[in-house]
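[1] After the sequence you'll find the predicted model.
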Amino acid sequence: MAAEAPVARGRPVVAIVGRPNVGKSSLFNRLVRRRLALVDPTPGLTRDRKEATALLGGRDVTLIDTAGLEEAPPDSLAARMTRSTLRAAETADLVLFVIDARAGATEPDRTFADWLRRLGKPVILLANKAEGRAGEAGVLEAFGLGFGEPVPVSAEHGEGLGELHERAAALLGPAAEADAPAEEGEAGSARPLRLAIVGRPNAGKSTLVNRLLGEERQLTGPEPGITRDAIALPWRDASGRLIRLVDTAGLRKKSRITAAPEKLAVGATIAALREAEVVVLVLDAEAPLEAQDVAIAALAEREGRALVFALNKWDLITRGRRAVVRQLVRDRLETGLAQLASVPVVPLSALTGEGVDKLMPAVWRVYEAWNRRVPTAALNRWFAQALERHPPPLVDGRRLKLRYITQVSARPPSFVIFGTRTAALPQDYLRYLVNGLREALGLSGVPIRITLRSPKNPYAEEET
């Protein structure tokens with residue numbers, strides 16, 4: 001289908017659409033030259049739209065991977081996925097319509113081809129899996145879909161992409177002189193805050209993401225585990241600062257994860273957590289800080305991420321019970337995660353919007369603390385006072401001597417304490433110092449790393 005005119009504005013949006021399991025995510029990964037989208041033989045693995053920058057037809061484009069197009073009852077998950085895909089096509093400047101050449105042009109392909117023609121967008125028809133003789137008949141059948149000559153490709157093997165780029169160049173046109181300016185966080189500009197939304201399945205992560213974005217961008221519903229991939233979304237909060245907001249799949253106990261798609265989803269979630277700077281752990285206010293929540297929080301702490309708890313579904317907690325639930329969360333932190341007892345807890349309802357405006361201020365506070373560097377002089381004034389209030393203990397009849405402290409890095413704040421026989425320092429005294437640092441320097445919600453160093457004993461027998 002020819003375009004009325006080539007796209008002449010800034011970075012174009014290109015959507016990849018088609019039935020489930022025709023190879024859309026494989027094509028997406030091939031064009032962005034990275035394995036960003038999950039790929040598995042399981043049909044319907046992609047559920048939410050995934051975006052990335054790619055070079056197509058000589059233009060930088062925003063490429064969108066979408067869920068499979070399916071005919072399904074209106075209230076079903078499949079129907080919600082299809083509506084999300086259709087919205088992506090409606091906002092695109094160019095649509096890549098993918099069919100499976102080995103299956104040929106199916107009846108659902110024809111149904112969606114009719115819809116695309118009515119939409120009036122430029123469309124390139126791609127007959128994927130066309131390698132070998134098995135796909136030849138399907139490529140011929142694709143002519144009947146009404147988009148002219150199909151482009152036979154193999155996303156898995158990288159075949160046929162040259163013709164795809166030529167077709168795209170003709171439809172997209174040359175880049176404008178003043179192409180869309182780079183967003184903050186792209187090459188040559190300041191990086192955005194990397195914020196990951198994590199939690200157990202059905203805690204309300206995607207609903208919270210939609211509330212923050214102000215649009216129904218992510219699929220939501222009563223079914224647990226709807227989100228299957230880590231979806232990164234650029235967003236500016238009320239302060240105007242750019243954030244790379246990542247919605248993730250729910251994390252269950254490892255013993256309960258058996259299906260391959262869920263294993264892939266969990267791997268993507270853990271990778272997103274490790275790449276984040278701040279992690280928002282979404283808790284279900286009706287069952288807060290269960291064992292899996294504690295495990296996720298502990299993982300964030302081990303990875304050195306700043307952390308905020310979003311106590312979601314607050315609208316379901318009666319006002320008379322709210323103080324009890326708050327105290328329950330604090331008690332469980334004290335007993336199960338004492339090192340995270342000071343993490344900010346923001347009660348909110350992603351569904352109604354109650355309390356959501358308090359989330360990002362808490363995120364920015366912990367982010368500032370996570371980046372904080374304390375001058376050595378101020379640090380050692382605090383250190384001297386801490387030692388005076390509670391001197392180091394006696395070990396083997398001799399008092400340990402701690403001489404000074406210095407900060408060696410931020411993100412998270414990391415310190416080195418120098419003294420004699422520091423290896424013998426009891427863990428409870430080290431916790432006293434960590435808690436004192438956290439309280440005195442305003443480091444709530446961030447992990448603190450302390451390394452102990454002692455000068456080498458010149459009289460110790462050298463190892464041979």
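    Thanks, I have it.
[2] Now do the same contact list for residue 340.
    Neighbour list for residue 340: 297, 301, 307, 333 [criterion: CB atoms under 8 Å, 6 or more residues apart in numbering]. (Each C-beta comes from the backbone N, C-alpha and C, glycine too.)
[3] Considering these, which member attains the minimum pLDDT?
    For the contacts of residue 340, the weakest pLDDT value sits at residue 333, with 86.
[4] where are the low-confidence patches of the stretch 351-464 of the chain?
    The stretch 351-464 of the chain contains residues with pLDDT under 70 at 456-464.
[5] Can you show me the strands along it?
    Applying DSSP state E, counting those that start in this stretch to the stretch 351-464 of the chain gives strands spanning 394-395, 398-399, 401-409, 414-420, 449-453.
[6] Show me how this protein divides into domains.
    13-172, 193-370, 376-453 (automatic domain parsing).
[7] just how off-centre is the second one within its chain?
    The gap between the average C-alpha position of domain 193-370 and the chain average comes to 11 Å, counting by CA atoms, centre = their mean, to the nearest Å.
[8] cool, the last one as well?
    Taking CA atoms, centre = their mean, one finds the center of domain 376-453 at 34 Å from the center of the full chain.
[9] what about it, start to end distance?
    End-to-end distance of domain 376-453 (CA to CA, to the nearest Å): 17 Å.
[10] how close does residue 298 get to residue 289?
    Remark: distance between residue 298 and residue 289 (CB to CB, to the nearest Å) = 11 Å.
[11] buried residues in the longest helix out of those in the chain?
    The longest helix of the chain (DSSP state H) is helix 319-336. Judged by neighbour count (16 or more other CB atoms under 10 Å), helix 319-336 contains these buried residues: 325, 326, 329, 332, 333, 336.
[12] helices or strands up against it?
    strand 306-312, strand 345-347 (3 or more CB pairs under 8 Å, 6 or more residues apart in numbering; DSSP states H and E).
[13] what lines up beside the first one in the sheet?
    Just to be clear, that refers to strand 306-312. Partners of strand 306-312 in the sheet, by DSSP bridges, are strand 278-284 (parallel), strand 345-347 (parallel).
[14] re earlier: residue 298 and residue 289: which has the busier surroundings?
    residue 289 (23 against 14; other CB atoms under 10 Å).
[15] before we move on, back to that, most tightly surrounded among the strands of the stretch 351-464 of the chain?
    Comparing the strands of the stretch 351-464 of the chain by mean neighbour count (mean count of other CB atoms under 10 Å), strand 414-420 ranks first with a mean of 17.
[16] So which residues of the chain form helices?
    24-32, 77-91, 107-119, 136-141, 161-172, 205-213, 260-275, 291-302, 319-336, 359-370, 376-389, 427-441.
[17] Dump those helices into TSV; add distance to residue 191 as well.
    Formatted as TSV, the helices of the chain follow (distance: least, CB to CB, whole Å):
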stretch	distance to residue 191
helix 24-32	19
helix 77-91	26
helix 107-119	36
helix 136-141	44
helix 161-172	28
helix 205-213	19
helix 260-275	12
helix 291-302	20
helix 319-336	31
helix 359-370	12
helix 376-389	28
helix 427-441	25
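[18] between these, which gets nearest to residue 58?
    Using CB to CB as the measure, helix 161-172 is the one of the helices of the chain that comes nearest residue 58, at 5.2 Å.
[19] ok, and what's touching the closest one?
    By CB under 8 Å, 6+ apart, helix 161-172 touches 2-3, 6-7, 12, 14, 30-31, 56-59, 61, 93-94, 96, 122, 124, 126, 151, 153.
[20] Among the residues you listed, which ones are in strands?
    Among the contacts of helix 161-172, the residues falling in strands (DSSP state E) are 14, 56, 59, 61, 94, 96, 124, 126, 151.
[21] Can you tell me which of those residues is closest to residue 401?
    residue 61 (63.0 Å).
[22] Is the closest one in contact with residue 15, as I believe?
    No: the pair residue 61 and residue 15 fails to qualify as a contact (CB atoms under 8 Å) at a distance of 10.2 Å.
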